[in-house]
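> can you look at this prediction? I've put the sequence above it.
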2 protein chains.
Amino acid sequence: MEAKQYIEKNRTRFYDELFSLIRIPSISAQPEHQQDMRACAEQWRKLLLSAGVDTAEIMETSSNPVVFATKIIDPSAPTVLVYAHYDVMPVEPLDLWDTNPFEPVIRDGRLWARGADDDKGQSFLQVKGFEIALKERWLHCNVKFLFEGGEEIGSPGLAEFCAEHKEMLKSDIILVSDNSMVGKNVPSITTGLRGLAYWEVEVIGPNRDLHSGIFGGAVANPINVLCKIIADITDKNGYITIPHFYDDVEEVSAAERAMLAEVPHNDKDYAESIGVKALFGEKDFSTLERTAIRPTFDVCGIWGGYTAEGSKTVLPSKATAKMSCRLVPHQQHEKISQLFIDYIYSVVPDYVTVKVTPMHGGDGYVCPIDMPAYKIAERAYEKAFGKRPLAVRRGGSIPIIADFERILGVKSLLMGFGLESNAIHSPNENQQIEIMEKGIIAVAEFYKEFGK
Amino acid sequence: MEAKQYIEKNRTRFYDELFSLIRIPSISAQPEHQQDMRACAEQWRKLLLSAGVDTAEIMETSSNPVVFATKIIDPSAPTVLVYAHYDVMPVEPLDLWDTNPFEPVIRDGRLWARGADDDKGQSFLQVKGFEIALKERWLHCNVKFLFEGGEEIGSPGLAEFCAEHKEMLKSDIILVSDNSMVGKNVPSITTGLRGLAYWEVEVIGPNRDLHSGIFGGAVANPINVLCKIIADITDKNGYITIPHFYDDVEEVSAAERAMLAEVPHNDKDYAESIGVKALFGEKDFSTLERTAIRPTFDVCGIWGGYTAEGSKTVLPSKATAKMSCRLVPHQQHEKISQLFIDYIYSVVPDYVTVKVTPMHGGDGYVCPIDMPAYKIAERAYEKAFGKRPLAVRRGGSIPIIADFERILGVKSLLMGFGLESNAIHSPNENQQIEIMEKGIIAVAEFYKEFGK
């Protein structure tokens, strides 16, 4: 039967399986969820076996364990490696969720839950696409699955794991469903990813919180100093002022910028959809360019002093911020990280102490659109969505993708079926049921042709 | 008997009484302590009665209740009004306290607890000084006590209460023990206070937390914007850039600046005592000037985005800061508050929304040193400390002091017995037992002479 019929026949079981994964709060960033990480890996091991793999095991890394599974139909056939992650982002602020993030509900044609899209929903559609291809005897290739538990914290230990298991992970193409399409009616395949560098910066002033009346005026306030440091990192045109930051930024050709300009996009609608009156970004670049081919600087979190109710006057002893840069191809995250650290230490005034801790990072990635696997994916999407997908670069980061290329020598095909409105990393994360099921069909159709 | 002997004879009872006040966590800034406010007022009512007042009652205001007590020895005699507050500051961060802030301990000659100094310890010494004068028959004046429960949140409702009870509060001088001396061996009386203005500023960007990879670069980050706003409020010389901010600042005479320069002070020791490598403040002013006769701008608290463990990438929907200015005599807090609000709204870029909420404020104060009551206080200090006290302006704010002068037409005498090392408003607040007891003596000696 066709993939669509197979889904209809098995829909209840499919969602039961997906829900069993979502209900495990596998938040990698929060140490209290250590047990949940292992529980989620174990649940995946069972689901992969019932989907039809020959072997599935939990393997240790220096961080959370990975799930590794294989279906070998013929040692001489080409091999697909499916990469995904079973960890999810923290859910704070909890009060902004309409329903419990770990109790999935289907409402208005969408599945609502943490991980509904990123990446439990999307990894699930990969496995179900495989299951259909296997059961319907369309499979012409071997398939391996590598599901990790630390993508949201920068995949610690995974690059070493790959380096230690190169033979085991040997493959011809890596399939990844962990990002989004341009729009519901604009299917697209991601052909570029941004890199990432992330730091925590702590500014330390006096050895205790001081009375702002008694000491105020004579002692530098660490919050004021931190704000000044942050303010100076970008200029009024949105450019990053760190010396040599732009040195290695890929100069994107006029032709590619023209192609990007063809992606359906309207600044007014975009601003409205996120509730801002105006957009702001680097001068002389469009919104799509700013989010896809240009690096950025964002403060992800800041705290210091008195933050509870009321009006306590205090000159706090320290202030801290989490800061990140999205990077573009050719910018090396270690190099950028060091430039940032050197810059911060060079501008810190002598009346405070500063501590910069690099947190994690990864390089950007480019997928060539003339690869045979890319062409097969293009046709598979066309069958699922009724339209040829656009090839677009996107702004997100999956640092391990660049590592796969460097360590395993294998290109990744980024078959992401999310949507920007899915609110990943935010309260009320969701996934459209229709898109998810078209994603399953696209994956099944990919297997129909790949290796034939 | 002399005050010193009286203290020795009654020391155990004295500290039991003080501890009973400290054990009630009367934190006015935190609504969950509503019950504690009333309990603390009630405890004061009992202690005032046992100290010898004729009447003591709890009176309602539009905010926390006040305790009002009287000892009328002769309706035609002059009257002292003792003002104090029974509320305390919040205790966060709790992990920096060596012992429970609400379980007082005496160690190394100091009393350690929230309120040990500000203002439970200092209000207690006022009451004990009165008790001694009364019991030893030194009292030549009537005494009234007005203890409020909202000083740390800007005394809400107290000015109205004073306006409504002018006759009841009629007096010739107000005694206040709620600030500090220059040093343990440098007794001093405070002759000037700074005013205060306080705001909460919220910068709102997108309608939800966004993925910083997908949206980063195209949408202004509210934390970055808030930091820029804060950074621009002061310049590199420590001056406040808000237009007309300095218009009404009192031009302190060269003679008074010279007197201030005589106060024992050493920048190096001062910096070491608070653990900073260098001091920072307004150019062309000394440390003592910066903290006493010049206005300031400090961020008291800031928060936004992801502040838990780990490295979540997010472009947050909003960021908030609590900000305050210390003001000097002649600067009106309402006028400065409006200048600040107008300034913030004038600089906010169109890609975010900003909300400025004024929190509380008060004007500065000057006490003339040729007042007879001041001269009596000077002699009382000399008896207690063996040294004539210095007359100094200080940097703290007690907004209600300016209100007393405006509404009741009565000057205040600021007999503060704190020390900078007492860490008020901070973890490990404490008070030196020796100084506290000398304070009791000074108050008793004041009564010996006043009204004679």
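Ah, there it is.

> how about chain A, which residue sits the furthest from its center?
Ranking residues of chain A by C-alpha distance from their mean position (Cα atoms, centre = their mean) puts A:Ile214 at the top, at 47.5 Å.

> how near is it to A:Asp247?
Counting by Cβ to Cβ, to the nearest Å, the gap from A:Ile214 to A:Asp247 is 47 Å. Bear in mind the C-beta positions are built from the backbone N, C-alpha and C, glycine included.

> do the same with A:Arg11
Taken as Cβ to Cβ, the span from A:Arg11 to A:Asp247 is 52 Å.

> what does A:Gly216 give?
In terms of Cβ to Cβ, A:Gly216 sits 42 Å off from A:Asp247.

> now swap in A:Trp112 and tell me
44 Å.

> and the helices in the stretch 101-250 of chain A, which stretches?
A:120-135, A:158-164, A:222-233 (DSSP state H, counting those that start in this stretch).

> only alpha carbons, please: show the second one as PDB.
Spelled out, it's helix A:158-164. The C-alpha trace of helix A:158-164 is given here as PDB (Å, rounded to 0.1, in the frame of the first residue of the first chain):
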ATOM      1  CA  LEU A 158      29.500  13.100  20.300                       C
ATOM      2  CA  ALA A 159      32.400  14.200  18.100                       C
ATOM      3  CA  GLU A 160      34.800  12.000  20.100                       C
ATOM      4  CA  PHE A 161      32.200   9.100  19.900                       C
ATOM      5  CA  CYS A 162      32.100   9.500  16.100                       C
ATOM      6  CA  ALA A 163      35.900   9.500  15.900                       C
ATOM      7  CA  GLU A 164      36.000   6.300  18.000                       C
END
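
> how about that helix: buried residues?
A:158-159, A:161-162 (16 or more other Cβ atoms under 10 Å in any protein chain shown).

> what packs against the helix or strand hosting A:Glu8?
Using DSSP states H and E, A:Glu8 falls within helix A:3-22. Here helix A:3-22 touches helix A:34-51, helix A:120-135, helix A:433-449, going by 3 or more Cβ pairs under 8 Å, 6 or more residues apart in numbering or on different chains; DSSP states H and E.

> deepest of the ones you listed, which one?
helix A:120-135 (a mean of 25; mean count of other Cβ atoms under 10 Å in any protein chain shown).

> quick check: mean pLDDT across that helix?
Helix A:120-135 comes out with an average pLDDT of 98.

> for that helix, enumerate the helices and strands it packs against.
helix A:3-22, helix A:34-51, strand A:79-85, strand A:142-148, helix A:433-449.

> how far is it from where the chain is centred?
20 Å (Cα atoms, centre = their mean, to the nearest Å).

> next: stretch A:259-266.
22 Å.

> and for stretch A:232-241?
25 Å.

> name the residues of it that are buried.
Neighbour count says stretch A:232-241 has A:233-234, A:238-240 buried, by 16+ other Cβ under 10 Å.

> count the residues that sit near the residue nearest to A:Glu437 when sequence neighbours are not counted.
Residue nearest to A:Glu437 in three dimensions, not counting chain neighbours: A:Ile7, with 5.4 Å by Cβ to Cβ, 6 or more residues apart in numbering or on different chains. By the measure other Cβ atoms under 10 Å in any protein chain shown, the count of residues near A:Ile7 is 20.

> same check, this time on the one 10 residues further on
Using other Cβ under 10 Å, the number of residues around A:Glu17 comes to 18.

> one more: A:Phe285?
Other residues close to A:Phe285 by other Cβ under 10 Å number 18.

> now do the same contact list for it.
For A:Phe285, the contact set (Cβ atoms under 8 Å, 6 or more residues apart in numbering or on different chains) comprises A:293-294.

> for it, which three-state class applies?
Three-state assignment for A:Phe285 (DSSP: H, G, I helix; E, B strand; the rest coil): coil.
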